[in-house]
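Chemist: Sequence first, predicted coordinates after that:
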Amino acid sequence: MNPTNPQSPIPNPQSAIRNPQSAIVNPQSVAPWRDRLFPNHEWVLMLVLLFECGIFSLSGDNFLTSANAFEVTRLSVEIGLLALALTPVIITGGIDLSVGSMVGLAAVVLGSLWRDAGLPLPLAAAAALLCGLTGGGLNALVIARLNFPPLIVTLGTFSLFRGIAEGLTRGIENYSGFPPEFLFWGQGHVGGVVPTQLFVLIAAIAGCSWWVHRTTAGRSLYAIGHSAEGARYAGIEVARRLTFVYLLSGLASSLAAVIYVAHLGQAKSDAGTGYELKTGCV
Amino acid sequence: MNDSALLHAFNITKSYSGVQALKGASFELRAGEVHALIGENGAGKSTLIKIVAGAAQADGGEITLNGRSIAHNSPRLAKSLGVAAIYQQPALFPDLTVAENIALGLEPAGLWRRIDWSERRRRAAELLGLVGARMDIDAYAGDLTMPQQQLVEIARAAGAEAKILIMDEPTASLAEEDAQNLFRVIRRLCAQGAGIIYVSHRLEELAVIADRVTVLRDGCTIETKLMAEVNFGELIQLMVGRELSAVFPKRTVELGGVVLELRRLVCRAAGVSGVSLSLRAGEILGLAGLVGAGRTELAGTIFGLTPPDSGEILLRGMPVRITSPAQAIACGIAYLPEDRLRHGVIPAMPVSANITLASLARLSRFGSMDFRREREIAVDYARRFAIRTPAIFARVSTLSGGNQQKVALSRWLATKPSVLILDEPTQGIDVGAKSEIHALMCDLAAQGAAILMISSELPEILGMSDRIAVMRGRTIGGTLNRSEATQAKILALALGHRN
């Protein structure tokens, strides 16, 4: 049997050692653009969405108008914020089921502090955000420091946050009558057509995608998601990163709550019900 | 064709997306023999094994299993004909017990079948007894050591009455003693009429266990020989197709000052009790000992994975407190872990990201990541170490073991360490990559790095070390100089024999 085949597509391993240049491809090469932009074939979803839009534009009269487009985006800001908050969490291989409940709790905190405690609205909104941070901190503590599985922990806080919200309002309180300058954040337009909160979402998307894709911290999140053990052996401070990620998720949920209240003009304990699954899908 | 042949594979070809992995490999296995299959990584051993086990389909050639000609092999068919494979990484379910793992695939399946727990446990104990293993059958598989997990797999194969047992690098993570035990089990199975296909990079052990040896190179069978009739030099030459000195590329290096010093280091959680050591710049200190002697645990304690309870770590004479790997890295300590796929690399991430993972802080510009710099670093290491990868953004999981190890090592060199702890640096990688890594270690030492090398392979310890520390019972049992060290002396220290 002839061991050496000149046509061999497998390069002789030894030649690579003698001539290391042949071992590696052109340094300028990067992944094909489609794989970089859509690493998981998301372009299929884009196609489906475009197809859907096409059908609706043909069947409805008011679908393909800029007013409708902006109205749709207004509705998607709260969901979008939660989805953004969940993105880093999911990258690390975790989940935060409590985001929807946090929307309810933060909304109620905002409403009750403003109406019942008589706090100025900006202060009440700040308190709502603080509430989000606290809730996120609770998740972070149990998940990152005590090493409980995120699914179990946030399923617990999912009930806890909603429960506190129901308890505070006895399930009946509905705070409304917010001043117009607050409602502007949820109902107003900039330049006549663009919904105000769209700017919040755009800023959040820009910040989040920069952080996740273009910073060393974002890279370490991916490492944790692929292998938390492996990341730890590479010197990544896993607990610290996870803590930050869950804090951020709580904060973003409460921000979504503030916009939600400004959007609907009312704060009830059932705000954000079912959002945890919707955002998970987004 | 021999009548007692359990397996006959003739002129097998196989290509994966255009790459010809096998170009006409032939292999024959007789009942009662241990038939070694050797070759460099990429020679086609894994592919041939997969085809025999039914995990892959051959493109061409003939396979006869137990006298039956196989047109389309499948894992199910292969299993029913008595083929069992035990891969390098044990494939047990970590959250099931030993007994449950053994029962999987052995007991008849059925949606409503009731489990006879006492029968299951009895059968598991019986099979473990058959392979000479003693362990708690109610322990979770994930809590077992590597050698124990392997024995569970062998017990399962014995339970399936496997006639053809494929073992891929079974001793890669075993210490001498466990390997000897494994060999006893193998001989017992052979005596019962099984044939064993034994894949290994360790030529020394083939001389002990194998009856025949088949060498693969570039997808072709080069030669099959009786083990008693060949020497190592010949085998190595057949594998690489050239002369390769089996000599270690050890160089004499002018030793510098003491870089790392341990004083009575204790970590109760990891089981390190009172270790004192010193390591000088340019020195390679070999850390020998049996598996379980506490070598990996000591490395974990120095590296901050399991911070010490008492004792001191001194770097260039200054005491340091290391409580996390991040701090260890900041102190200039690097640790190449034993378990390459779990700890050494992140297989699902690209080569470039793996290389820079431990030195991300160096790539940060105002919080933003310098991607151009990352690519430069990755390409630099890939070139310097001849990492054979289709591209630097290819996932590490697509690389061969030796190249994965080079990626893992690159990651640590990118942190510019002054102390390098290498835990089984050449475990399960082919001869070529192995000597490359050895040469690299010598270069690093010559540049002034202090290297602590843990290895279960005595020739490697003897060939590479300036000094050898032997661990026994979680502390240092003794230290030997390069000139005085022999295999016998190391083993005596590891086992605690006096003389």
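Modeler: Great, that's in hand.
Chemist: show me the contacts for residue 174.
Modeler: In the absence of a named chain, chain A is used. Contacts for A:N174 were tallied using Cβ atoms under 8 Å, 6 or more residues apart in numbering or on different chains; they are A:Q266, A:A267, A:K268. No exception for glycine: its C-beta is placed from N, CA and C like everyone else's.
Chemist: switch to chain B, that's the one I care about
Modeler: For B:L174, the contact set (Cβ under 8 Å, 6+ apart) comprises B:M146, B:P147, B:Q150, B:L182, B:V291, B:S456.
Chemist: sorry, back to before: need the contacts of A:N174 in a markdown table with pLDDT and secondary structure, can you?
Modeler: Written out in a markdown table, the entries for these read as follows (pLDDT from 0 to 100; DSSP: H, G, I helix; E, B strand; the rest coil):
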| residue | pLDDT | secondary structure |
| --- | --- | --- |
| A:Q266 | 79 | strand |
| A:A267 | 80 | strand |
| A:K268 | 76 | coil |
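Chemist: From those, keep the buried residues only.
Modeler: Buried residues within these, defined by neighbour count using 16 or more other Cβ atoms under 10 Å in any protein chain shown: A:A267, A:K268.
Chemist: Look up the pLDDT of the residue lying closest to A:A217 once chain neighbours are set aside for me, please.
Modeler: Once flanking residues are discounted, A:A217 sits nearest to A:W211: 6.6 Å by Cβ to Cβ, 6 or more residues apart in numbering or on different chains. Each residue has a pLDDT score; the one for A:W211 is 90.
Chemist: Just give me how far whichever strand or helix holds A:W211 sits from the chain centre.
Modeler: Under the criterion of DSSP states H and E, A:W211 resides in helix A:197-214. Distance of helix A:197-214 from its chain centroid, counting by Cα atoms, centre = their mean, to the nearest Å, is 10 Å.
Chemist: got the contact list for the following helix or strand past it?
Modeler: Remark: after helix A:197-214, the chain's next helix or strand is helix A:216-226, criterion DSSP H and E. Helix A:216-226 is contacted from outside by A:88, A:90-93, A:211-212, A:230-231, A:234, A:236, A:238, A:241-242, A:245, B:346-349, B:353, B:357, B:360-361, B:363-364, B:367, B:369, using Cβ under 8 Å, 6+ apart.
Chemist: Quick check on these: which are buried?
Modeler: Applying a neighbour-count criterion of 16+ other Cβ under 10 Å, the buried members of the contacts of helix A:216-226 are A:88, A:90-92, A:211-212, A:230-231, A:234, A:236, A:238, A:241-242, A:245, B:346-349, B:353, B:357, B:360, B:363, B:369.
Chemist: returning to that earlier point: who wins for most neighbours among the contacts of B:L174?
Modeler: B:Q150 (26 neighbours; other Cβ atoms under 10 Å in any protein chain shown).
Chemist: Just want the phi and psi numbers for B:K14.
Modeler: phi -160, psi 130 (degrees, to the nearest 10).
Chemist: per-domain residue ranges of chain B.
Modeler: B:5-240, B:258-495 (automatic domain parsing).
Chemist: rank these by pLDDT, which is bottom?
Modeler: Between those, the model is least confident about domain B:5-240 (mean pLDDT), which shows a mean of 84.
Chemist: mind listing what's buried in stretch B:63-73?
Modeler: Of the residues in stretch B:63-73, those with enough neighbours to count as buried (16+ other Cβ under 10 Å) are B:I63, B:T64, B:L65, B:N66, B:I70, B:N73.
Chemist: Kindly check the end-to-end length of it for me.
Modeler: Across stretch B:63-73, the straight-line distance between its terminal residues is 9 Å, by Cα to Cα, to the nearest Å.
Chemist: and A:A144, how many neighbours does it have?
Modeler: 22.
Chemist: between the helix holding A:W211 and helix A:216-226, what angle do the directions make?
Modeler: Relative orientation of helix A:197-214 with respect to helix A:216-226: 70 degrees, computed using axes from the mean of the first three to the mean of the last three Cα atoms, to 10 degrees.
Chemist: Which elements pack onto helix A:197-214?
Modeler: helix A:66-91, helix A:180-187, helix A:216-226, helix A:238-264, strand B:368-369 (3 or more Cβ pairs under 8 Å, 6 or more residues apart in numbering or on different chains; DSSP states H and E).
Chemist: The last one close to chain A?
Modeler: Yes. Legend: contact between strand B:368-369 and chain A by Cβ under 8 Å from any Cβ of the partner chain is shown at B:S368, B:M369.
Chemist: just checking, what packs against the helix or strand just after that strand?
Modeler: Sequence order places helix B:371-384 as the next helix or strand after strand B:368-369, per DSSP H and E. Packed against helix B:371-384 by the contact rule (3+ Cβ pairs under 8 Å, 6+ apart) you find helix B:351-356, helix B:401-413.
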